[in-house]
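Asker: Based on what follows, work out the 3D shape:
(4 chains)
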There are 2 protein chains.
Amino acid sequence: MNIGEAASGSGVSAKMIRYYESIGLIPTAGRTRSGYRTYSPSELRMLRFIRRARDLGFPLEAVGDLLALWRDRSRHSADVKHLAEGHIATLTRRIAEMQAMRDTLSDLAEACCGDDRPDCPILADLEGTVTPPRR
Amino acid sequence: MNIGEAASGSGVSAKMIRYYESIGLIPTAGRTRSGYRTYSPSELRMLRFIRRARDLGFPLEAVGDLLALWRDRSRHSADVKHLAEGHIATLTRRIAEMQAMRDTLSDLAEACCGDDRPDCPILADLEGTVTPPRR
DNA sequence: CTTGACCTTCCCACGATGGGAAGCCCTATC
DNA sequence: GATAGGGCTTCCCATCGTGGGAAGGTCAAG
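Answerer: The predicted model follows:
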């Protein structure tokens, strides 16, 4: 299987497959005599694994750890769980940050009449002239 | 006021102040005869404005738009509100994406006993061997 | 006059991805 | 057998916002 087929079959672009190889996330692919990369079904499964892990927001470094655990038949599920929980914590933190931004902005936008007059609580908040209520 | 003082007084690092100048987000700062950038109190206020906008998650391009509206005394608050609502929509979308990730992962992690045995629903999901419940 | 803190510019790095150019390879069609 | 086209290769550049650090100039205090 050439890289194009591996890409369309896994949902990982050819560009990214080469990149993952270059950073050592996946092992060096085999090559035809003419230099084309070739992929086996098991490598395709690995690419799909990566794709799914990325879809869950794991950074590539964590994906590497997950791959290692996946390959290790004597892994401890505790290690996988620990990795997942770390990522859950990161997501939770980021979600909270963004929700705080959104809540503040929603309040400000709601207070902004949004007509052709220049007065605007959003700008006033950014300006820092008013003590921000910030709920 | 030198750049260091402007930085500590605004919460924007000197590095970033130079960068913002280089990309045209802020006007070219004045210089002393020896080449040091100088900042007036009103420029300090502008930097603080930027800092606050960044804290609310506005991308730099939107910060530029906000600055323009801020300077424009005949602005329409509707334009400011529109900008803010666009950003709120972006935040809402991203929050939803991350919550979906977190929810899926939480379910998987909860189903993982997390001991010294290798069996792990998290890896099984990534592997794609099981039909993902994904709630 | 030296020392140390500040400033300058310039380049590099991150994380993950896409775009595109230049050139080789493979297959189908004429 | 030649040619066209699509796929493959490597290489460089861009994104977005930020930090690190080197090499060198400047300023103020001792």
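
Asker: if I read this right, residue A:30 contacts residue A:38, doesn't it?
Answerer: Yes - Residue A:30 lies in contact with residue A:38 (C-beta atoms under 8 Å); the separation is 4.7 Å. To be clear about C-beta, it is placed using only N, CA and C from the backbone, and glycine gets the same treatment.

Asker: Which of these two has more residues huddled nearby?
Answerer: The neighbour comparison of residue A:30 against residue A:38 (other C-beta atoms under 10 Å in any protein chain shown) goes to residue A:38, with 14 against 11.

Asker: do the strand or helix carrying residue A:109 and DNA strand D meet?
Answerer: Assessed by DSSP states H and E, residue A:109 sits inside helix A:77-111. No - judged by C-beta under 7 Å from any atom of the strand, helix A:77-111 and DNA strand D are separated, with a smallest distance of 13.2 Å.

Asker: Tell me which stretches of chain A form helices.
Answerer: A:3-10, A:14-22, A:41-55, A:60-71, A:77-111, A:121-127 (DSSP state H).

Asker: Deepest in the core, which of those is it.
Answerer: helix A:121-127 (a mean of 21; mean count of other C-beta atoms under 10 Å in any protein chain shown).

Asker: any residues touching that helix, and which ones?
Answerer: A:104-105, A:108-109, A:111-112, A:130, A:132, B:45, B:49, B:52-53, B:56, B:66, B:69-70, B:77, B:80-81, B:84 (C-beta atoms under 8 Å, 6 or more residues apart in numbering or on different chains).

Asker: Any idea which residue is closest to the centre of chain A?
Answerer: Ranked by distance to the mean C-alpha position of chain A (C-alpha atoms, centre = their mean), the top residue is residue A:57 at 3.3 Å.
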